[in-house]
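*Asks:* only geometry, no sequence info:
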């Protein structure tokens, strides 16, 4: 009987928090955050929106903000 390999791949991830903004929507703000981060971070794995807020001026919403936690894998 063949011996099964019990070796598993080990990985290390980092989680960093960024804030994206948009004058249009929270979805747009979150997308801007991830797409901008992807230009300098490789191998993004998970994006989790942890907080949504708005910038208000003169009683009107002028910007949507999304706080996003991103995880990416370290090169091994």
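*Replies:* Looks like it came in fine. Since we're looking at a predicted model, the values are computed, not measured. Numbering: from 1, shown residues only.

*Asks:* Now do the contacts for residue 43.
*Replies:* Residue 43 makes contact with 72-73, 75, according to Cβ atoms under 8 Å, 6 or more residues apart in numbering. All C-beta spots, glycine's among them, are computed from the backbone N, C-alpha and C.

*Asks:* So for stretch 65-76, what gets flagged as buried?
*Replies:* Within stretch 65-76, the residues that count as buried by 16 or more other Cβ atoms under 10 Å are 65-68, 70, 72.

*Asks:* Include pLDDT when you put those into a markdown table, please.
*Replies:* Formatted as a markdown table, the buried residues of stretch 65-76 follow (pLDDT from 0 to 100):
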| residue | pLDDT |
| --- | --- |
| 65 | 98 |
| 66 | 98 |
| 67 | 98 |
| 68 | 97 |
| 70 | 94 |
| 72 | 87 |
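
*Asks:* Taking those together, which two end up most distant?
*Replies:* The two members of the buried residues of stretch 65-76 with the most space between them (Cβ to Cβ) are 65 and 72, at 21.6 Å.
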